[in-house]
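In: let's see this in three dimensions:
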Amino acid sequence: MPPRTVFDPNGIYVFVALETSREVAVVDAYASRELFRFNVGRAPQGLAILARRLRLYVSNFMDRTLGIFDVSDLTTRGSVDGRADRHAHRHRD
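Out: Next comes the predicted model:
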């Protein structure tokens with residue numbers, strides 16, 4: 001089974017798949033607090049991160065889709081203003 005949590009390449013943030021809410025939560029690993037959530041699809045179950053391109057891959061079981069989100073602003077700048085669309089947005093390769 002794919003992991004439901006994954007750390008960013010620097011180990012600062014944890015991405016957590018929230019299957020019943022159709023979201024991924026972003027957690028500050030050091031402060032142990034949730035920063036924000038963003039919508040991903042129905043029943044997100046698996047997460048993976050591609051460190052080289054700073055992309056978060058989300059397997060949405062009920063949609064039978066793979067969401068690809070650019071998390072580069074969050075992981076390189078560390079800026080969080082509570083708006084998920086600025087920090088993790090669906091990317092179309």
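
In: which ones are touching Val16?
Out: With contacts taken as CB atoms under 8 Å, 6 or more residues apart in numbering, Val16 has the following neighbours: Arg4, Thr5, Val24, Ala25, Val26, Val27. The C-beta positions use only the backbone N, C-alpha and C, and glycine is treated the same way.

In: how about the first one, nearest residue that isn't a chain neighbour?
Out: By that I understand Arg4. Nearest residue to Arg4 in three dimensions, chain neighbours excluded: Ala17, at 4.5 Å (CB to CB, 6 or more residues apart in numbering).

In: over to the second one?
Out: If you skip the residues right next to it in sequence, Thr5 has Val16 as its closest partner in space, 5.0 Å away by CB to CB, 6+ apart.

In: what lines up beside the helix or strand hosting that neighbour in the sheet?
Out: Following DSSP states H and E, one finds Val16 within strand 13-18. Note on strand 13-18: by DSSP bridges, its sheet partners are strand 5-7 (antiparallel), strand 23-28 (antiparallel).

In: using CSV, write down the CA coordinates of it.
Out: Output in CSV follows, covering the C-alpha atoms of strand 13-18 (Å, rounded to 0.1, in the frame of the first residue of the first chain):
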residue,chain,number,x,y,z
TYR,A,13,6.8,19.6,6.0
VAL,A,14,4.7,16.5,6.1
PHE,A,15,1.9,15.9,3.6
VAL,A,16,-0.9,13.8,4.9
ALA,A,17,-3.6,12.2,2.7
LEU,A,18,-7.0,12.7,4.3
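
In: what comes up buried for it?
Out: Across strand 13-18, burial judged by 16 or more other CB atoms under 10 Å covers Tyr13, Val14, Phe15, Val16, Ala17.

In: what average pLDDT does it get?
Out: Mean pLDDT, strand 13-18: 95.

In: how about stretch 31-39?
Out: The pLDDT scores in stretch 31-39 average 93.

In: equivalent analysis for stretch 59-67, please.
Out: In this model, stretch 59-67 has an average pLDDT of 92.
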